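Colleague: Sequence plus predicted model, see below.
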Amino acid sequence: MKHEIVTSDITVVGGGLAGVCAAIAAARLGQTVSLVQNRPVLGGNSSSEVRVWVCGATSHGLHRYARETGIMGEMFVENQYRNIDGNPYLWDLIVLEKVKAEKNISLFLNTDVHEVDADGDETSRTIRSVTGWMMGSERRIRFDSRVYLDCTGDGLVGFLAGAKFRIGREAQEEFNEEWAPLVPDDITLGSTLLFYTKDAGRPVKYIPPSFAKDITQTTIPMKRVIRSGDNGCAYWWIEWGGELDTVHDNERIRDELSSVIYGIWDYIKNSGKFEADNLTLEWIGSVPGKREYRRFVGDYVLNQNDVIAQELFEDRVAFGGWSIDLHPPQGMYATAKGSKHMHVDGSYHIPFRSLYSVNTTNMLMAGRNISASHVAFGTTRVMATCAVIGEAAGTGAALCAAKGISPRELHGSHLSELQQTLLRQDASVLGIKNADADDLVLGATLTASSTLSQLAVEKSASVFPLADSVALLVPVDPYIEGLELLLDASEDTELSVELWSTGKPQNYVPHTQVTAVQVAVPQGSGQWVHVPLSWHPDTAQNAFIILRSNPALSVHKSDQLQSGVLGLKHKDNSNAADYGDTTPNQPVVDWTPGEFNRKPICFRLLSPTSAYSPDKAANGFKRPYGGPNMWSSAHLQAGKPEWLEVSWPNAVPIRSVQLTLNDDVHEDLINLHHHRTAFEIIPELVKDYKLQAFVGGEWKTVAEESNNHTRLHTHTFPETVVTSRLRLLVESTNGAERAEIVEIRCYS
């Protein structure tokens, strides 16, 4: 046996997406990191060992402009490019490659940390080291660091260190949470095993093992949806163990889940109720995907009311958007539906105070074990949200290690630095503006070759009957004076149009009605109908324009996407049997993109817009928030590049330029098997560009990129470039008709 000591600035224990993003974030900020994972692969529940799809703030497309950026966003976009069909083994490689790209990370797979050396009284503990056993290698490794991150999910490191934690459900009175029980208990969400099937192309028999559960003797066939063609996460409801101890009873839970999977497959193959002769089992999980165990107590406990109110925490460092999603304790044997959902109107904020321990001075946490009540945990637990929490915690850990301070001290004295660092890294933070004093662009003037100033989608590709109400969402910057819609009318009729504000800047739902008009529409096809809407809001924001249902009318849809514009359809908030119970009258569920996804309603705004002006690429926001927050050219033609120019009154020294390109964060991406998009690269992403500096009376190319498929680019020059003018020359995109730039920064 070998005994080793590994010293690094930060030790991250847990190699799920939270731990991966924490380690990468810290490493990119110059800190040395030991990333310790007790499995042979990274990715946690998203890995090929478990195969849960990575859900997040988009909530499977219900939330608008909500896809995560930062490290999680990089992995989504890269997986889309290299693994569009969702092969779980290729997803493993994408996660592993992202870690291996960081020279400051030392990776320790198959290493199970089970010893923690910590001291201090119960109010102020300090971790001195953690020790793990590397399976198969007979190596006992002690990890010494200044800062530790518990990203284990189950919270083992913090538990062994004496960090305060909770298991189970709080009483309703503690946080005044509607969905909490009246009396506290130790019930948690259960664990799940998944399985894959495939068509063998010939009949395949199935003889179940002796331990297979006869599910006809349970409530499963009556209460859960079983289909022969489903696989993967369609069977998320194969869940059990919430009334047990999901850690100490892990083996028992796995055996019960396994017996049910083999029983379900027996039911599909041999009951005669399904067309399954040629189907066979391709893969069955052997590692239960755990949902819940310990949740640490931080300086703040996020609760249901914070989530629903979208509390604007001063120390917000990440966002989420998945519904509060809780499951019955009996899991797959429950007579109730497998889940219940309470949706938020848009993305909500997560405070830094929930990411560090209240009593362990050098420990942060990320993932499903953060400081949240059981009810709030019902939304923060999904993996893309865990990942952005990981990036925030890793960034905080890096600053703590560099400054030699605790996370609490970082919060008290360096909060702005933490948030600004996250913004510069393109992390998933909402409503905080770039205030980086080192960014030279904040003192510059931006101009462009052209700007989209007349907002219109005019080319019709199909018609959509107005059997249900539909909506058009457009930016209002600075005002709206008149709108035209392309309509068909089977008879003389009248169209009812309402204009609503959306409430919070990150929301895309009707919140408060501003005005309404009735418009006469004569019989006819393909006619542009004037709608005399008028709105002059105090600040730029989005308008939610509702066209009320009318069986005599149809709207036209286009196949030309316009960034910042959405089409939505109203539907009854009915509960799909295999989805779960949804609280009624939730606008984000009632209004969905549906048939209008990437196919907007044909319209013209009759007033000009400033929503895409060049200065938007330096307005401080990195993503849509009360508007699209990007520069857009009026057009982009082959052989005629469009440009965005930054100029200063006097020459400035530039050593690096950071570009954020539009990768349409409204597009819902997935790592595995939920859906497949029609394209490998986001069409709005700039494909070919040059950076040029005006030096010696002429434009000189100082950096260039071709065949690009990613969002964030930093170009560091070999030597400082001194210039008063810098421009980004966009030569082509990956399919979009305009050049679109979210942000440009320059540093000396």
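Modeller: Noted; the coordinates are in hand. Numbering: from 1, shown residues only.
Colleague: how far away is the residue nearest to residue 490 when sequence neighbours are not counted from residue 518?
Modeller: Nearest residue to residue 490, sequence neighbours excluded (Cβ to Cβ, 6 or more residues apart in numbering): residue 552, at 4.9 Å. Quick note: C-beta positions are derived from backbone N, CA and C, even for glycine. Per Cβ to Cβ, to the nearest Å, residue 552 is found 14 Å from residue 518.
Colleague: Kindly report the same for residue 547.
Modeller: 12 Å.
Colleague: Between the two, which has more neighbouring residues?
Modeller: The neighbour comparison of residue 547 against residue 518 (other Cβ atoms under 10 Å) goes to residue 547, with 23 against 10.
Colleague: which residues touch residue 417?
Modeller: residue 399 (Cβ atoms under 8 Å, 6 or more residues apart in numbering).
Colleague: Just to be sure, it is in a helix?
Modeller: Yes - Residue 417 forms part of a helix when assessed by DSSP: H, G, I helix; E, B strand; the rest coil.
Colleague: which residues are common contacts for residue 547 and residue 518?
Modeller: Common neighbours of residue 547 and residue 518 (Cβ under 8 Å, 6+ apart) are 495, 496, 497.
Colleague: just for the stretch 601-748 of the chain, where's the confidence low?
Modeller: The model of the stretch 601-748 of the chain has no residue with pLDDT under 70.
Colleague: wait, the residue nearest to residue 490 sits on residue 488?
Modeller: No - using Cβ atoms under 8 Å, residue 552 makes no contact with residue 488, being 9.1 Å away.
Colleague: more neighbours, those two?
Modeller: residue 488 (20 against 17).
Colleague: Kindly indicate which of the shared contacts of residue 547 and residue 518 lies nearest residue 3.
Modeller: Using Cβ to Cβ, residue 497 is the member of the shared contacts of residue 547 and residue 518 that lies nearest residue 3, at 74.4 Å.
Colleague: Assumed the closest one was part of a helix.
Modeller: No - judged by three-state DSSP, residue 497 forms no part of a helix; its state is strand.
Colleague: Go through stretch 404-413 and flag the buried ones.
Modeller: 405, 406, 407, 408, 410, 411 (16 or more other Cβ atoms under 10 Å).
Colleague: Next, the contact list for the closest residue to residue 730 other than its chain neighbours, please.
Modeller: Spatial nearest neighbour of residue 730, chain neighbours left out: residue 739 (3.7 Å); criterion: Cβ to Cβ, 6+ apart. By Cβ under 8 Å, 6+ apart, the residues touching residue 739 are 631, 632, 633, 636, 642, 644, 686, 730, 733.
Colleague: out of the residues you listed, which are inside strands?
Modeller: With strands taken from DSSP state E, the overlap with the contacts of residue 739 comprises 631, 632, 642, 644, 686, 730, 733.
Colleague: If you rank these by neighbours, which is first?
Modeller: Highest neighbour count within the ones in strands among the contacts of residue 739: residue 632, with 32 neighbours (other Cβ under 10 Å).
Colleague: For that residue, which non-adjacent residue is closest in space?
Modeller: Excluding its sequence neighbours, the residue lying closest to residue 632 (Cβ to Cβ, 6+ apart) is residue 612, at 3.8 Å.
Colleague: helix, strand or coil for that neighbour?
Modeller: Taking three-state DSSP, the label given to residue 612 is coil.
Colleague: now this protein, which segments are flagged as low pLDDT?
Modeller: In the chain (pLDDT under 70), the answer is 573-579.
Colleague: Just give me the residue right at the centre of it.
Modeller: Geometric centre of the chain, nearest residue: residue 68, 3.4 Å, by Cα atoms, centre = their mean.
Colleague: Show the contacting residues for it.
Modeller: 56, 57, 76, 384, 385, 387, 388, 428, 665.
Colleague: roughly how far apart are it and residue 586?
Modeller: Distance, residue 68 to residue 586, using Cβ to Cβ: 22 Å.
Colleague: and what of residue 343?
Modeller: Distance from residue 343 to residue 586, by Cβ to Cβ: 5 Å.
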